[in-house]
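Trainee: A predicted structure for the sequence below; I have some questions about it.
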2 protein chains.
Amino acid sequence: MASGIAREQTVEVPPGVAAAVVEARTIGVVASVEAAGPRRARVAIDYPWRELVSDLPQLLNLLYGNISLQRGIRIAGVDWPAELLRQFPGPACGVAGLRALTGVAGRPLLAGALKPVGLGVRELARLAGDCARGGLDLVKDDHSLADQPSAPFRERVLTVAEHVARANRQSGRSCLYVPNLTGPVDRLAERLDDLRDAGVRAAMVAPMLLGLDAVRALAAAAGGAGVALVGHPALAGSLCAPRQGFAPEILFGDLFRIAGCDAVIYPNTGGRFPFTLRDCRAIQRQLLAPLGGLRPALAMVAGGIDAARLARWLPEYATDTIFLVGGSLLGRPDVAAAAAELAELVAGRASSGGGRG
Amino acid sequence: MASGIAREQTVEVPPGVAAAVVEARTIGVVASVEAAGPRRARVAIDYPWRELVSDLPQLLNLLYGNISLQRGIRIAGVDWPAELLRQFPGPACGVAGLRALTGVAGRPLLAGALKPVGLGVRELARLAGDCARGGLDLVKDDHSLADQPSAPFRERVLTVAEHVARANRQSGRSCLYVPNLTGPVDRLAERLDDLRDAGVRAAMVAPMLLGLDAVRALAAAAGGAGVALVGHPALAGSLCAPRQGFAPEILFGDLFRIAGCDAVIYPNTGGRFPFTLRDCRAIQRQLLAPLGGLRPALAMVAGGIDAARLARWLPEYATDTIFLVGGSLLGRPDVAAAAAELAELVAGRASSGGGRG
């Protein structure tokens, strides 16, 4: 089966069809096979990537193109060649850049979400202002806010940005508005101009909705414009199922970072999604680990985090974490006051030491 | 669980958080729940798509964004509103266009693949010429041929196209060369120019490697240039696993067609991939079925088809099918003669009646 994978992902013809010299320079080589159970094995395959990977779509293809169509094959880890990674600039801002944009040092960051879809521009802007006034470090659009009639993209971005900027002038802080940029790939350049017009310095993209390579191309333009990118996991779940796809830390940790995400949103354990704490911490570790010359990126842990749970989860993650508080905040009668309570919790974390990471 | 899905995919906040008026116009509505086993149910959810879907990424998000991160939820069918589909032009050529480009009527089409990656431009061109001379209707690049040093994109396309054109002049037929266009999204326009320079009228794209919306955007430009698009399933497998993702006929049948693929490659049953005959025929049925005003698209059935198996599979698919013969052809000492044998088999199908479909 290991040889089958190595062949399927490269020459893709039965033995004996291709000339020996072509196979020799192109086929994957099974480097090791270790039994991991009665019907499972951990296999290492060495691919001649210089001959095969000309771009990011082709990298995805080499890692998991045709074998995605088979069953029970999972990419558990990748030893990235530094020379291969040099093709990809990765995060333009990274951890340091996002900390500079928000003016937050020495503690985790706190983010809120503008939702639900269906709210008008004024209501979203008021909510964003409350979050910023309450002391959140980032406030992001819900990933379902796109360019709907209830809150069209450009109008929403300009108005929400103005409300957040006003709150920042009052508070002296630098809450960062992160609109959802996920939309038609042929309109991303125009929407990046909208962000510039609004003075917005960050945006959210869902790499699996947009295409990972569209994010890579966007990241180059966004980096030039000083706009940080936050990756959202919509549609990515099937690509990291337990016996299929990529290990979550490879998909959200390595691949989203290689595409240029400065922060990556993923579901916290214990919420509405079946991620384990091990998965969640592995993603974060991977986002912060050395990866060629690429900047480290921030984990943005999301899903069912309210005040009680925030206290529970704060010690479980590194200081370089963004905690995304969702619906629980929006349900409170005074959103700014509720945000302030959470902000206090996180500020307390700064003095309590480095935590795990 | 059904209500949970309807909420997760739309307002994404717990009950009571959003204003009733906003929920009323935005939330998904569970239309029916039918038990399908002790722990399975078939659920219909009615989404207020006019409020939610502004573009193709957002359509994917609504169908399967966040719930992709949960387990055991699968999109088994979609009742497409005709008005929603009007946003998407779909295939520019479709079945009729591809038949016109190849000059083939009344019988299935036969395609060959240029591989393996690692072959040089001359060798690929010679192989393509042999396939064309032998009577294949299409000859496509392997999906692993991108822009590698062994056969750079522009040089490959120009040279292979020239060899196929020469074979066509000799044979009087119109074998269609289908180079692999899958590559960096910000270079697709330039590569489309390369195709134009080479007089090439079709190209292959892998929607999951490129991003489905990148294919949609490309299809508009390609359609304008008279270039048909053939979709490849690389990386798409995890999105149609048995208890996760989309039913294969929704992913390859509806979504690839909505994005603008004129033909869609997928693995035949009985080959190296675990697709059932039911899946394979369902995809084809969906590609040909009415779908708003979108043109029907051709199924391109692939994977382990050799001369013996071709005879076996010919009666199982509709006349509007492309059979893709892979490595078995390339292993033969005289490729043109081997192609001619296959072409004869398929020509025989024309007189044997309509087959199933």
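Mentor: Ah, there it is. Numbering: from 1, shown residues only, chains lettered A, B, ... in the order given.

Trainee: centroid residue for chain A?
Mentor: residue A:264 (2.3 Å; CA atoms, centre = their mean).

Trainee: which SS class is it?
Mentor: Following DSSP: H, G, I helix; E, B strand; the rest coil, the label given to residue A:264 is strand.

Trainee: Might one say that it is in contact with residue A:258?
Mentor: No. Using CB atoms under 8 Å, residue A:264 is not in contact with residue A:258; the gap is 11.3 Å. (Each C-beta comes from the backbone N, C-alpha and C, glycine too.)

Trainee: Test of understanding: give the bridge partners of the residue nearest to the centre of chain A.
Mentor: With DSSP bridges as the criterion, residue A:264 is bridged to residue A:231, residue A:299.

Trainee: Which single residue of the stretch 151-300 of chain A ends up nearest chain B?
Mentor: Ranking the residues of the stretch 151-300 of chain A by distance to chain B (CB to the nearest CB) places residue A:211 first, at 1.6 Å.

Trainee: Please name the nearest non-neighbouring residue to that residue.
Mentor: Spatial nearest neighbour of residue A:211, excluding adjacent residues (CB to CB, 6 or more residues apart in numbering or on different chains): residue B:211 at 1.6 Å.

Trainee: wait, what's in contact with the closest residue to chain B within the stretch 251-357 of chain A?
Mentor: Going by CB to the nearest CB, chain B is nearest to residue A:327 of the stretch 251-357 of chain A, at 3.6 Å. By CB atoms under 8 Å, 6 or more residues apart in numbering or on different chains, the contact set of residue A:327 is A:113, A:115, B:12, B:13, B:14, B:17.

Trainee: Kindly report the same for residue A:77.
Mentor: Listed by CB under 8 Å, 6+ apart, the contact set of residue A:77 reads A:247, A:250.

Trainee: repeat that with 10 Å
Mentor: Residue A:77 makes contact with A:42, A:44, A:246, A:247, A:249, A:250, A:254, A:286 under the criterion CB atoms under 10 Å, 6 or more residues apart in numbering or on different chains.

Trainee: Using CSV, write out every CA atom in stretch A:53-67.
Mentor: Output in CSV follows, covering the C-alpha atoms of stretch A:53-67 (Å, rounded to 0.1, in the frame of the first residue of the first chain):
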residue,chain,number,x,y,z
VAL,A,53,6.2,20.9,-7.1
SER,A,54,6.0,24.0,-9.2
ASP,A,55,3.4,25.8,-7.2
LEU,A,56,1.0,25.5,-4.2
PRO,A,57,-1.8,23.6,-6.1
GLN,A,58,0.8,21.1,-7.2
LEU,A,59,2.1,20.8,-3.6
LEU,A,60,-1.4,19.9,-2.5
ASN,A,61,-1.7,17.5,-5.3
LEU,A,62,1.5,15.8,-4.4
LEU,A,63,0.6,15.5,-0.8
TYR,A,64,-3.0,14.4,-1.2
GLY,A,65,-4.4,14.7,-4.7
ASN,A,66,-5.4,11.3,-6.0
ILE,A,67,-5.1,9.5,-2.7
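
Trainee: how about that stretch, does it reach chain B?
Mentor: Yes. Stretch A:53-67 is in contact with chain B by CB under 10 Å from any CB of the partner chain, via A:53-67.

Trainee: same check, this time on stretch A:17-33
Mentor: Yes. Using CB under 10 Å from any CB, stretch A:17-33 reaches chain B at A:17, A:18, A:19, A:21, A:22, A:23, A:24, A:25, A:26, A:27.

Trainee: which ones among the residues you listed are found in helices?
Mentor: A:21, A:22, A:23, A:24, A:25, A:26 (DSSP state H).

Trainee: coming back round to it: now a PyMOL select for only the buried ones of the residues of stretch A:17-33 next to chain B.
Mentor: Those of the residues of stretch A:17-33 next to chain B that count as buried under 16 or more other CB atoms under 10 Å in any protein chain shown are selected in PyMOL with:
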select buried, chain A and resi 17+18+22+23+26+27
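
Trainee: Tell me which two of the residues of stretch A:17-33 next to chain B sit farthest apart.
Mentor: Of all pairs drawn from these, the one with the longest distance (CB to CB) is A:17 and A:25, at 15.5 Å.

Trainee: Compute the number of surrounding residues for residue A:83.
Mentor: For residue A:83, the count of nearby residues is 10 (other CB atoms under 10 Å in any protein chain shown).

Trainee: does it count as helix, strand or coil?
Mentor: Assigned by three-state DSSP, the conformation of residue A:83 is helix.

Trainee: And residue A:78, how far from chain B?
Mentor: With distances taken as CB to the nearest CB, to the nearest Å, residue A:78 is found 15 Å from chain B.

Trainee: Please report how far residue A:204 lies from residue A:147.
Mentor: Distance from residue A:204 to residue A:147, counting by CB to CB, to the nearest Å: 14 Å.

Trainee: of the two, who's got more company?
Mentor: residue A:204 (25 against 19).

Trainee: Show me which strand runs longest in chain A.
Mentor: Determined from DSSP state E, the single longest strand within chain A is strand A:29-37.

Trainee: give me phi/psi at the nearest residue to residue A:34 once chain neighbours are set aside?
Mentor: Nearest residue to residue A:34, sequence neighbours excluded (CB to CB, 6+ apart): residue A:42, at 4.7 Å. Backbone torsions of residue A:42, given as degrees, to the nearest 10, read phi -100, psi 120.

Trainee: do residue A:245 as well
Mentor: According to degrees, to the nearest 10, residue A:245 has phi 80, psi -140.

Trainee: what's the answer for residue A:105, then?
Mentor: Dihedral angles for residue A:105 - degrees, to the nearest 10 - are phi -130, psi 150.

Trainee: Give me the nearest residue to it, chain neighbours excluded.
Mentor: Take residue A:105 and drop its neighbours on the chain: the residue closest to it by CB to CB, 6+ apart is residue A:99, 6.0 Å away.

Trainee: Residue A:320 is in contact with the one you found, correct?
Mentor: Yes. Residue A:99 lies in contact with residue A:320 (CB atoms under 10 Å); the separation is 8.3 Å.

Trainee: Settle it for me: which of those two has more neighbours?
Mentor: Using other CB under 10 Å as the criterion, residue A:99 and residue A:320 rank with residue A:320 on top: 22 against 18.

Trainee: contacting residues around that one?
Mentor: Taking CB under 10 Å, 6+ apart, we find residue A:320 in contact with A:94-96, A:98-99, A:107-109, A:263, A:284, A:287-288, A:296-299, A:357.

Trainee: what's the following helix or strand after the helix or strand of chain A with the lowest mean pLDDT?
Mentor: When the helices and strands of chain A are scored by mean pLDDT, DSSP states H and E, helix A:327-330 comes last with a mean of 83. For helix A:327-330, the following helix or strand on the C-terminal side (DSSP states H and E) is helix A:335-351.

Trainee: Next, the buried residues of that next one.
Mentor: The neighbour-count check on helix A:335-351 (16+ other CB under 10 Å) flags A:335, A:336, A:338, A:339, A:340, A:342, A:343, A:345, A:346, A:349 as buried.

Trainee: For these, could you give me JSON lines that also reports pLDDT?
Mentor: JSON lines is the format used below for the buried residues of helix A:335-351 (pLDDT from 0 to 100):
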{"residue": "A:335", "pLDDT": "95"}
{"residue": "A:336", "pLDDT": "96"}
{"residue": "A:338", "pLDDT": "94"}
{"residue": "A:339", "pLDDT": "95"}
{"residue": "A:340", "pLDDT": "95"}
{"residue": "A:342", "pLDDT": "94"}
{"residue": "A:343", "pLDDT": "95"}
{"residue": "A:345", "pLDDT": "91"}
{"residue": "A:346", "pLDDT": "93"}
{"residue": "A:349", "pLDDT": "76"}
